[in-house]
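Colleague: Have a look at this prediction, sequence included:
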Number of protein chains: 4
Amino acid sequence: MQNKEHNDKRERIIKAATQVFAQNGFYNSKISQIAKLAKVADGTIYLYFKNKDDILISLFEDEMNKIIKNVRDEIAQESGFENKLRKFIEKHLNLIGENRQLAEVMQIELRQSHKFMKGYSGTKFSDYLNIISTIIIQGQKEGKVRQDIVPGVAKRILFGALDEISSYWVLSKNKKYSLQLSGKIIGDIFIDGVLNPDKNLVSAG
Amino acid sequence: MQNKEHNDKRERIIKAATQVFAQNGFYNSKISQIAKLAKVADGTIYLYFKNKDDILISLFEDEMNKIIKNVRDEIAQESGFENKLRKFIEKHLNLIGENRQLAEVMQIELRQSHKFMKGYSGTKFSDYLNIISTIIIQGQKEGKVRQDIVPGVAKRILFGALDEISSYWVLSKNKKYSLQLSGKIIGDIFIDGVLNPDKNLVSAG
Amino acid sequence: MQNKEHNDKRERIIKAATQVFAQNGFYNSKISQIAKLAKVADGTIYLYFKNKDDILISLFEDEMNKIIKNVRDEIAQESGFENKLRKFIEKHLNLIGENRQLAEVMQIELRQSHKFMKGYSGTKFSDYLNIISTIIIQGQKEGKVRQDIVPGVAKRILFGALDEISSYWVLSKNKKYSLQLSGKIIGDIFIDGVLNPDKNLVSAG
Amino acid sequence: MQNKEHNDKRERIIKAATQVFAQNGFYNSKISQIAKLAKVADGTIYLYFKNKDDILISLFEDEMNKIIKNVRDEIAQESGFENKLRKFIEKHLNLIGENRQLAEVMQIELRQSHKFMKGYSGTKFSDYLNIISTIIIQGQKEGKVRQDIVPGVAKRILFGALDEISSYWVLSKNKKYSLQLSGKIIGDIFIDGVLNPDKNLVSAG
DNA sequence: GATGAATGAGATTTCATTCAT
DNA sequence: TATGAATGAAATCTCATTCAT
């Protein structure tokens, strides 16, 4: 019970922080705003988090854990390199589309801030990227993906593309292109781009 | 003479700000640090810039102007969609490699901050991205690039990939992959990914 | 208890501000001085007041409320136009004499500042002046005061006279004339000056 | 020629300062504003005045010299205590009416500031007030004014009344009462108020 | 004399964090 | 645990004044 109450408050703070950070940016957000929105006292926040930075990091890690688990589960249900990759793209963009505020914080704030947060390793983010490289490696084993594609580079290329599309979508007022259309194009370009030309011929023949 | 001195000071401040912002991030940078590094009095900065935000924006616009001009000139000397695109990628990554501090500020700080700078339109950034879409459109006219590739989406996909690779390179201590290698892979994936399959077959045949 | 502490601090700040403003003038007074004298932290002041201007206005309104109530009560106990007016004069000068610092602030600082305090209506001051006009109107009803005396003008004439005498007394080092003597002369001049000549004749006859 | 130019600049600065001080108050006025309005460089002001305070004091003394001379001359042409006094009131209010900006500065700024200007004696102001006491003393010699009226007090009473009326007129948007009407009432009250009652009877008889 | 760019001291205000209750 | 009043360090920006030209 105590514990439940505890978690409840922690979660309320994280949720409020997500909203506030998304709206004002990390540096322009005030602890008191978060406290107010979470319906706790300012001081209470310091019972759950070491300091302001810690809220951002915790928020990120909490959400990343959920996301990584979720994405991994879904991808496990797909078979074949291409299907898995398209599923990853779909899931990523869905997450952005469904939780815009979280997306903003993760995209904008964390990128800016993590350089300055001592002791933060960014492992979770690495874990997320490695979902992509694992798929690519599998593709190479399947003989689908060219051997000269370095998975450690390719994972960043795909993530960067997704991230930029997401940023634009999050920040722009008039959403010119849907996330779905963008996702399709990303998938087309990336998959065609990494495919083994031999297989390509075969599949085209 | 007066004018030269004037420009000199303005430039010194921009240069110092680049260094300081890169090192500490915009919000953790102090005007006094910049002034000290630029060897001017704190107050002098306000003769050249409206406020702290204005330094960041000016820095960005100044550099963007130079970069855009430079990149456009170089691309103009190349012929054909593929050459132009590879040149763009090469130039972008060279800029990152040659001026790491500037790159850090442009990549990290501006992305975070521009949301909060009222009245800043970000035209320069748009201009830069449009160099890419112009090349893609040319590729479509040449019959090289598939018609279902939306240039407005593709430009962000390529930029996102370059940007992420650059961010990683800028932030990581041990630079595992060279920018050159990464650039080659980006080019390979992106170009193969957008090529018209018919041409592809022909070129493969 | 909480509340008492609260009021205590607010009052301590007001009191300290009165002293500091009186000594240095509003613009030459520093928040830190006031805080130090009030034995609170600089930031604490901003829990009770919006800004520096607000301290001055609050100080004025707080004191005016007390003064107006006090003066009105005392005047209510007097009967007849002349007695009431002499009592007003006596009370006004007593207030100056008893609380020189408050007087200085109210006389000098507020007069200078209120032009620049947007949104400050100065109602309290008006209320105070209207105590005088009320007495004059009563005098006119009693047939004592000439009908051609415009109460709205006369109230300022009397207040101006009192104010100048007070300013002089507050600012001059060697107080040549006592407030009492000055008060008597003001009363003599003003009352004789507004009396109905007919009554005057009668009373002289 | 040099000298004429010199005076011209000095005067332009004084004139500009009057305008700027009147509009913004002394402490909210910037040297650069005054310089701009006077069409001189900021630094030029320091060739004519020691510092910002000195501008205010000089402005005051310059104008006071003119005013005192002017008022004295006009009064000298009147005969008898009552005429002289009414002329003084008329002149004072005319000055306010004719040069509102100067009036504002003299009334509001100087009053506030002179406490804080080291070494400023305020002699000119004293000279001005003594015009009044001289008239009153003459009135006492003529047997018109009661002996128990202390001229040093009475001069402040009259000045205070005039000053308050003027302040109100200068600051209020809708000028409810004309300066002329107010002047008549001040004269009526003050003169009747100081007159010897014996003379009063005689003059009434 | 005249200029105006440069100076740099200094004050208000904010806000993360603490701690007595 | 929870509170929220109090703290006080710290930073942006202003502007009177100076001084090299």
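Modeller: Okay, I see it. Because the structure is a prediction, the values reported are computed rather than measured. Residues are numbered from 1 along each chain as shown, chains lettered A, B, ... in the order given.
Colleague: Quickly find the element holding A:L37.
Modeller: Counting by DSSP states H and E, the element that carries A:L37 is helix A:31-38.
Colleague: touching DNA strand E at all, that helix?
Modeller: Yes - Helix A:31-38 is in contact with DNA strand E by CB under 7 Å from any atom of the strand, via A:I31, A:S32. The way it works is simple: take the backbone N, C-alpha and C, and place the C-beta from them, glycine included.
Colleague: Any residue of that helix touching chain C?
Modeller: No - residues of helix A:31-38 are not located near chain C by CB under 8 Å from any CB of the partner chain, the shortest gap being 12.3 Å.
Colleague: now what about that helix, what contacts it?
Modeller: A:9, A:12-13, A:15-17, A:19-20, A:24, A:41-42, A:44-45, A:52, A:55 (CB atoms under 8 Å, 6 or more residues apart in numbering or on different chains).
Colleague: Buried residues, it. List them.
Modeller: Buried positions in helix A:31-38, judged by neighbour count with 16 or more other CB atoms under 10 Å in any protein chain shown: A:I31, A:Q33, A:I34, A:A35, A:L37, A:A38.
Colleague: before we move on, back to that, what is the nearest of the contacts of helix A:31-38 to D:K124?
Modeller: Closest approach to D:K124 among those (CB to CB): A:N24, at 56.2 Å.
Colleague: Let me know the pLDDT of the residue nearest to A:I14 when sequence neighbours are not counted.
Modeller: Spatial nearest neighbour of A:I14, excluding adjacent residues (CB to CB, 6 or more residues apart in numbering or on different chains): A:L59 at 5.2 Å. Per-residue pLDDT puts A:L59 at 92.
Colleague: count of neighbours near A:L59?
Modeller: Using other CB atoms under 10 Å in any protein chain shown, A:L59 has 22 other residues around it.
Colleague: wait, does the helix or strand where it lies contact DNA strand E?
Modeller: When elements are defined using DSSP H and E, A:L59 is found to belong to helix A:52-76. Yes - contact of helix A:52-76 with DNA strand E (CB under 7 Å from any atom of the strand) involves A:K52.
Colleague: Tell me which helix or strand whatever residue of chain A ends up closest to DNA strand F sits in.
Modeller: Taking CB to the nearest atom of the strand, DNA strand F has its nearest neighbour within chain A at A:G43, 1.8 Å off. Assessed by DSSP H and E, A:G43 sits inside helix A:42-48.
Colleague: is any part of that helix close to chain C?
Modeller: No - Helix A:42-48 lies apart from chain C when judged by CB under 8 Å from any CB; the minimum separation is 13.0 Å.
Colleague: Briefly note if that helix comes near DNA strand E.
Modeller: Yes - contact of helix A:42-48 with DNA strand E (CB under 7 Å from any atom of the strand) involves A:D42, A:G43, A:Y46.
Colleague: coming back round to it: out of the buried residues of helix A:31-38, flag the one nearest to DNA strand E.
Modeller: Nearest to DNA strand E out of the buried residues of helix A:31-38 is A:I31 (CB to the nearest atom of the strand; 3.5 Å).
Colleague: now that we're looking at the closest one, how far away is A:D62 from it?
Modeller: A:I31 sits 18 Å away from A:D62, going by CB to CB, to the nearest Å.
Colleague: Report how many residues lie close to A:I75.
Modeller: A:I75: 18 neighbours (other CB under 10 Å).
Colleague: Quick check, it in contact with A:I132.
Modeller: No - counting by CB atoms under 8 Å, A:I75 does not reach A:I132; the two are 10.0 Å apart.
Colleague: what do the two both touch?
Modeller: Residues within reach of A:I75 and of A:I132 at once, by CB under 8 Å, 6+ apart, are A:F88.
Colleague: So for the strand or helix carrying A:G139, mean pLDDT?
Modeller: Using DSSP H and E, A:G139 falls within helix A:123-141. The average pLDDT within helix A:123-141 is 93.
Colleague: which other helices and strands contact whichever helix or strand comes after it?
Modeller: Next along the chain after helix A:123-141, taking DSSP H and E as the criterion, comes helix A:151-171. For helix A:151-171, the packing partners by 3 or more CB pairs under 8 Å, 6 or more residues apart in numbering or on different chains; DSSP states H and E come out as helix A:81-98, helix A:100-104, helix A:123-141, helix A:179-194, helix B:151-171, helix B:179-194.
Colleague: gap between the shortest one and the chain center?
Modeller: In terms of CA atoms, centre = their mean, to the nearest Å, the centre of helix A:100-104 is found 10 Å from the chain centre.
Colleague: Could you name the helices and strands sitting against that helix?
Modeller: Using 3+ CB pairs under 8 Å, 6+ apart, helix A:100-104 sits against helix A:2-24, helix A:81-98, helix A:151-171.
Colleague: Can you give me the buried ones in the shortest one?
Modeller: Spelled out, that is helix A:81-98. A:81-82, A:84-93, A:95-97.
Colleague: what is the rounded mean pLDDT of it?
Modeller: pLDDT averaged over helix A:81-98 gives 94.
Colleague: what's the answer for the first one, then?
Modeller: The average of the pLDDT scores along helix A:2-24 is 86.
Colleague: That one and DNA strand E in contact?
Modeller: No - with CB under 7 Å from any atom of the strand as the criterion, DNA strand E is not reached by helix A:2-24; the gap is at least 9.5 Å.
Colleague: which residues are in contact with that helix?
Modeller: Residues outside helix A:2-24 that contact it (CB under 8 Å, 6+ apart) are A:29-30, A:33-35, A:37-40, A:44-45, A:48-49, A:55-56, A:58-59, A:62, A:100-102, A:104-105, A:109, B:116.
Colleague: do the second one as well
Modeller: The list of residues contacting helix A:81-98 from outside it, by CB under 8 Å, 6+ apart, reads A:67, A:70-71, A:74-75, A:78, A:102-103, A:131-132, A:135-136, A:138-139, A:142, A:144-145, A:158, A:162, A:165-166, A:169-170, A:179-180, A:182-183, A:186-187, A:190-191.
Colleague: Kindly write the PyMOL command that selects the buried subset of the residues you listed.
Modeller: In PyMOL, a selection of the buried entries from those looks like this (16+ other CB under 10 Å):
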select buried, chain A and resi 67+71+75+102+103+131+132+135+136+138+139+144+145+158+162+165+166+169+170+179+182+183+186+187+190+191
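Colleague: that older thread, ok, is the helix holding A:G139 in contact with chain B or not?
Modeller: No - counting by CB under 8 Å from any CB, chain B has no neighbours in helix A:123-141; the shortest distance is 9.5 Å.
Colleague: Could you check the angle that helix makes with helix A:151-171?
Modeller: Interaxial angle, helix A:123-141 versus helix A:151-171 (axes from the mean of the first three to the mean of the last three CA atoms, to 10 degrees): 120 degrees.
Colleague: ok and helix A:123-141 relative to helix A:81-98, angle-wise?
Modeller: Going by the same axes, to 10 degrees, helix A:123-141 makes 150 degrees with helix A:81-98.
Colleague: Extract the C-alpha trace of helix A:123-141 and format it as CSV.
Modeller: Only the C-alpha atoms of helix A:123-141 are listed here, as CSV (Å, rounded to 0.1, in the frame of the first residue of the first chain):
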residue,chain,number,x,y,z
THR,A,123,22.9,2.7,-22.2
LYS,A,124,19.3,2.5,-22.8
PHE,A,125,19.5,4.5,-26.0
SER,A,126,22.3,2.1,-27.1
ASP,A,127,20.0,-0.8,-26.4
TYR,A,128,17.4,0.7,-28.6
LEU,A,129,19.7,1.3,-31.5
ASN,A,130,21.0,-2.3,-31.2
ILE,A,131,17.6,-3.6,-32.0
ILE,A,132,18.2,-2.2,-35.5
SER,A,133,21.7,-3.6,-35.8
THR,A,134,20.5,-7.0,-34.7
ILE,A,135,18.0,-7.1,-37.5
ILE,A,136,20.6,-6.0,-40.0
ILE,A,137,23.0,-8.7,-38.9
GLN,A,138,20.3,-11.2,-39.3
GLY,A,139,19.7,-9.9,-42.8
GLN,A,140,23.3,-10.3,-43.6
LYS,A,141,23.2,-13.9,-42.3
